[in-house]
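# I need the structure of the sequence given here:
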Amino acid sequence: MNISTPAWALPLALILTVSLACQTNSSQEEKQENSTDSTTQVEPPPPPPPTVPLHYIMGKFEPSKDSNFVKIAPAYTTKSNIYLHKEAYKAFLKMHAAAKEDGITLRILSATRNFNSQKGIWESKWNGSRKLSDGTNAAEIADTNARALRILEYSSMPGTSRHHWGTDIDLNNLNNPYFEKEPGIKVYQWLTANAARFGYCQTYTPKGPNRQDGYNEEKWHWSYLPVAKEYAASARQLLKDEDIQGFAGAGVAPNLKIVKKYVFGVNPECLD
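Alright, predicted model coming up:
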């Protein structure tokens, strides 16, 4: 006996078929959209505009005439007429007082150095009138790249020094061995344990896997990060090797990738 499909069931079957087809197409479209979304690369947001002008980054100003900088009182330094960024100075005064309570005396040997000051240091070493720390006369090194690299062990090219920023200070002594025995070791131990509480960071730690470029270790060199990070962030956008000009030996700056390897060849904890 043949059983025929009721006439009323045909429209219902057609409706179900069309509905299933629509659901299948919708599912396929969603998969395609999801697949497209997963392969689309989202562009990172652009960096914020620089907050520090290039002439400040390169030290091309006079700190004694700038309201952002203050003269360091004689009680805290071995020199006269040296300046520091006012925010870095406030933090140093607090750090100095805390160290004093623990029997540690901090003395600033060097602070803000503008372009011309750094030029004097650099060119005296470049031309041989000032010997390097190991007694070498750099002027006797004929290859200019090699000569610059020897000076760059401890001295910055003008326009690239963090001392331009007024955020960095040299404390107590300019030789690492001083901080490895009494009385310097107590100073260094106190700084490594406490300086971060006041915003300061040792800029040039020993070279190794975490810091392959830049100057040699300087146990005396400390940077006030809340302000230094602003300068560094602007330097990333504005400062180029080609900007490093106006002194003897400047022509080798692009060869040595000065900005990448020296301006940013610092302790990773001090980076922006």
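
# Give me the nearest residue to Y224, chain neighbours excluded.
Computed as C-beta to C-beta, 6 or more residues apart in numbering, the closest residue to Y224 that is not its neighbour in sequence is A88, at 3.7 Å. Every residue, glycine included, has its C-beta placed from N, CA and C.

# same deal with F69?
F69's closest residue in space is P63 (C-beta to C-beta, 6+ apart), at 4.0 Å.

# ok, how many other residues are close to that neighbour?
22 (other C-beta atoms under 10 Å).

# Got the phi and psi for it?
Geometry field for P63 lists phi and psi as phi -60, psi -30, criterion degrees, to the nearest 10.

# Then H85?
Main-chain torsions, H85, degrees, to the nearest 10: phi -60, psi 140.

# can you confirm V70 is in a strand?
Yes: membership of V70 in a strand is supported by DSSP: H, G, I helix; E, B strand; the rest coil.

# Name whatever forms a beta bridge with it.
L84 (DSSP bridges).

# so it sits right up against E87, yeah?
No: when contacts are counted by C-beta atoms under 8 Å, V70 is not listed as touching E87 (9.6 Å).

# Name the SS class of A232, please.
Under three-state DSSP, A232 comes out as helix.

# What's the local residue count around it?
Burial of A232, expressed as a neighbour count using other C-beta under 10 Å, amounts to 23.

# pLDDT value on P47, please?
According to the per-residue confidence, P47 scores 78 in pLDDT.

# and L109, what does it touch?
Going by C-beta atoms under 8 Å, 6 or more residues apart in numbering, L109 touches 77-79, 169-174, 220.

# correct me, but G246 touches M157?
No: distance between G246 and M157: 10.2 Å, which falls outside the contact criterion (C-beta under 8 Å).

# higher neighbour count, those two?
M157 (25 against 13).

# how deep is R130 tucked in, by neighbour count?
Here the count is done by other C-beta under 10 Å, and R130 has 17 residues near it.

# Now for it: which residues touch it?
By C-beta under 8 Å, 6+ apart, the residues touching R130 are 121, 124.

# For Y76, see how far away the closest residue to A235 other than its chain neighbours is.
Leaving aside its chain neighbours, A235 sits nearest to I57 (5.0 Å; criterion: C-beta to C-beta, 6+ apart). Taken as C-beta to C-beta, to the nearest Å, the spacing of I57 relative to Y76 amounts to 26 Å.

# Of these two, which one has the most company?
Using other C-beta under 10 Å as the criterion, I57 and Y76 rank with I57 on top: 23 against 18.

# ok, the closest residue to S64 other than its chain neighbours - contacts?
Take S64 and drop its neighbours on the chain: the residue closest to it by C-beta to C-beta, 6+ apart is Y83, 6.2 Å away. If a contact means C-beta under 8 Å, 6+ apart, then Y83 has 63-64, 69-72, 111-112, 166 as its contacts.

# which one of those has the most neighbours?
For the contacts of Y83, the largest neighbour count, defined by other C-beta under 10 Å, is 30 neighbours, found at G166.

# was I right about it contacting K71?
No: in this structure G166 lies outside contact range of K71 using C-beta under 8 Å: 11.5 Å.
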